[in-house]
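Asks: need coordinates for the following:
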Amino acid sequence: MRSPSFSFRLDEEHGRSEPILLFVVALFVLSNALALGLARDGRIDGGTLWGPLAWLVAQGTAVWLLRRYAPDHDPFLLPLVGLLTGWGIVLQDRLAPNFLVRQVVWVVLGTAVLVGITLVPRNLRWLRRYRYTLLILGILLLMATLMFGINPTGASVARYWLRLPIPFLTPVYFQPSELLKLLLVIFLASYFDERETVGRLAGNGRLQRLSYLAPLLLMWGFCMILLVWQRDLGAATLFFIVFLSLLYLATGDWRIVAGGVALLLLAGLFAYLAFSLVTLRIDAWWNPWPDADADAFQIVQSLYAVAAGGIWGQGIGQGYPQYIPVVHSDFVFAAIAEEWGLIGSLGVVGCFALLAHRGMRLALLAERPFRRYLAAGITILLAAQAFLIMAGVTKLLPLTGVTLPFVSYGGSSMLISHVMAGLLLYLSTKSRQIYL
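Replies: Predicted coordinates for the structure are as follows:
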């Protein structure tokens, strides 16, 4: 066993590593912002640096507050999130400068929420106590989107947003499916915590196994309804991946998971036959070249961008990622592949792999079931969302329309991603483990 003095020294060294990591991240973000200014205008001015500097102030304040008031938190989570958000700000300045102000505002607001969630709550028991209320609230918001949803671009399709009635501000839109993802994880963590307690008291019998199968079918039906009504393939897929993963962690029975995968494939086949949007995406994935100048234009341009990047990339501001429609949101990974090359792409993959490692480590070390399922669910959600969009951009999987967490443009996704990161930081704080 490790001696207490050794553990203390190890924690102290990890604590000192957080400012060093933030310094390295800041060098990367600021140097890329400077390079972008030189490549675009041949000079460096305040318009080039104000976004990264605002990001740096927010990150530095967050590190100071966490080290002062929660010194035993995980020292790697915040630098990882900071690297992804800082990179995203530079990318927004490169790809969609008209959205840069909004992106910086959402990142700063998200960082404040992350710190607040880590420091303010004394416990998270209320999440378990009101799990049904929270989930019903999310479903009601989704139903409101089905009836009153709009698309900020004015398009008649993909109306996944609600306009928030905030006076004296430019229109603010919110995507309820982003919030519903988090509420679903909280509900499932509480549900499996309760079932695990019942299982210890009642034993492992057929009735207990049926208690897991029943919600599986309900969740499959819920995802089908979501898919039918909103044509939101990405959200439905994410919901089901998180549910199946937590179900496997709770039961250890691969047969239930195999049955869930079969149901998901059946749902995908039904969607392919029933909905033109899903048909278009799967056909573009299977063979995009016959429609390279029409329906498959987006994915083909993405593949060209990835190929043009090579190993080292074209250099920031030197490529042509703007040829890809919606590159600042769904296809931001293609822009990274073109201008930072394979090295940059692997860097992003490595960031999410490290984020997944730290999150699953929290789940493995958790002493209470709710903490374990909550940490695992959040980690799986972030990792699965990143994998789905990166695989879709590179044509490994059909496009699902989700964003790259912390990097892509999008206020709802940015805010909810920071909430999830804040919950992971809260769970990593050893002094608060007794409250869960």
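
Asks: buried residues of the helix or strand encompassing Val257, list them for me.
Replies: For Val257, the element it lies in under DSSP states H and E is helix 254-274. Buried residues in helix 254-274, defined by neighbour count with 16 or more other C-beta atoms under 10 Å: 256-257, 259-260, 263-264, 267-268, 271-272. (Each C-beta comes from the backbone N, C-alpha and C, glycine too.)

Asks: roughly how far is stretch 100-111 from the heart of the chain?
Replies: Per C-alpha atoms, centre = their mean, to the nearest Å, the displacement of stretch 100-111 from the mean C-alpha position of its chain is 16 Å.

Asks: list the buried residues for that stretch?
Replies: Buried residues in stretch 100-111, defined by neighbour count with 16+ other C-beta under 10 Å: 100, 102-104, 106-108, 110-111.

Asks: and what of stretch 118-126?
Replies: Those would be 118-119, 121, 124, for stretch 118-126 by 16+ other C-beta under 10 Å.

Asks: and which of the buried residues of stretch 100-111 is nearest Gly138?
Replies: Distance from Gly138 was checked for each of the buried residues of stretch 100-111 by C-beta to C-beta. The minimum falls on Gly110, at 19.2 Å.

Asks: which element is the closest one on?
Replies: Here Gly110, judged by DSSP H and E, is contained in helix 100-119.

Asks: now do the strand or helix carrying Leu141: everything it contacts.
Replies: Leu141 is located in helix 131-148, with elements delineated by DSSP H and E. Around helix 131-148, the neighbours that count as contacts under C-beta atoms under 8 Å, 6 or more residues apart in numbering are 127, 159-162, 175-177, 179-180, 183-184, 186-187, 190-191, 226, 229-230.

Asks: can you say which of the residues you listed are buried?
Replies: With neighbours counted by 16+ other C-beta under 10 Å, the contacts of helix 131-148 contain buried members at 127, 159-162, 175-177, 179-180, 183-184, 186-187, 190-191, 226, 230.

Asks: so of those, which ones are in strands?
Replies: When the buried ones among the contacts of helix 131-148 are checked against strands (DSSP state E), the matches are Leu162.

Asks: filter the buried ones among the contacts of helix 131-148 down to the ones in helices?
Replies: The subset of the buried ones among the contacts of helix 131-148 located in helices under the criterion DSSP state H comprises 127, 176-177, 179-180, 183-184, 186-187, 190-191, 226, 230.

Asks: which one of those residues is nearest Pro369?
Replies: Nearest to Pro369 among those, counting by C-beta to C-beta, is Ser190 at 9.4 Å.

Asks: check contacts around that closest one.
Replies: Applying C-beta under 8 Å, 6+ apart as the definition, the contact partners of Ser190 turn out to be 127-128, 131, 370, 373.

Asks: among these, which one is most surrounded by other residues?
Replies: Of all the contacts of Ser190, the highest neighbour tally under other C-beta atoms under 10 Å goes to Tyr373, namely 24 neighbours.

Asks: excluding chain neighbours, what is closest to it?
Replies: With C-beta to C-beta, 6 or more residues apart in numbering as the measure, Ala189 is the residue that lies nearest to Tyr373, at 3.7 Å, once sequence neighbours are left out.

Asks: mind checking pLDDT for that neighbour?
Replies: Per-residue confidence (pLDDT) for Ala189: 90.

Asks: which regions of this structure sit below the pLDDT cut-off?
Replies: Filtered on pLDDT under 70, the chain yields the residue ranges 1-15, 153-159, 166-170, 196-213, 215-217, 219-224, 226-228, 230-231, 430-436.

Asks: in the one helix or strand Leu247 maps to, what's buried?
Replies: With elements taken from DSSP H and E, the one containing Leu247 is helix 233-251. Of the residues in helix 233-251, those scored as buried under the neighbour-count criterion (16+ other C-beta under 10 Å) are 233-247, 250-251.

Asks: stretch 332-352 too?
Replies: In terms of neighbour count (16+ other C-beta under 10 Å), stretch 332-352 has its buried residues at 332-341, 344-345, 348, 351-352.

Asks: show me which of those is closest to Trp64.
Replies: Scanning the buried residues of stretch 332-352 for proximity to Trp64, where the rule is C-beta to C-beta, the winner is Cys351, at 22.7 Å.

Asks: picking up where we left off before, out of the buried residues of stretch 332-352, flag the one nearest to Arg43.
Replies: Looking at the buried residues of stretch 332-352 and their distance to Arg43, the nearest is Glu339, at 19.8 Å (C-beta to C-beta).

Asks: run through the residues that contact the closest one.
Replies: With C-beta under 8 Å, 6+ apart as the criterion, the residues that contact Glu339 are 94, 309, 313-319, 321.

Asks: got a list of contacts for stretch 343-350?
Replies: When contacts are defined by C-beta under 8 Å, 6+ apart, stretch 343-350 is touched by residues 84, 87, 306, 309, 311-313, 333, 336-337, 340, 390, 404, 407.

Asks: rewinding a little: closest to Leu396 out of the buried residues of stretch 118-126?
Replies: Taking C-beta to C-beta as the measure, Thr118 is the one of the buried residues of stretch 118-126 closest to Leu396, at 34.7 Å.

Asks: ok, the closest one touching His73?
Replies: Yes. With contacts counted by C-beta atoms under 8 Å, Thr118 reaches His73, the gap being 6.6 Å.

Asks: which residues do those two both contact?
Replies: If you check Thr118 and His73 against C-beta under 8 Å, 6+ apart, the residues they both contact are 66, 425, 429.
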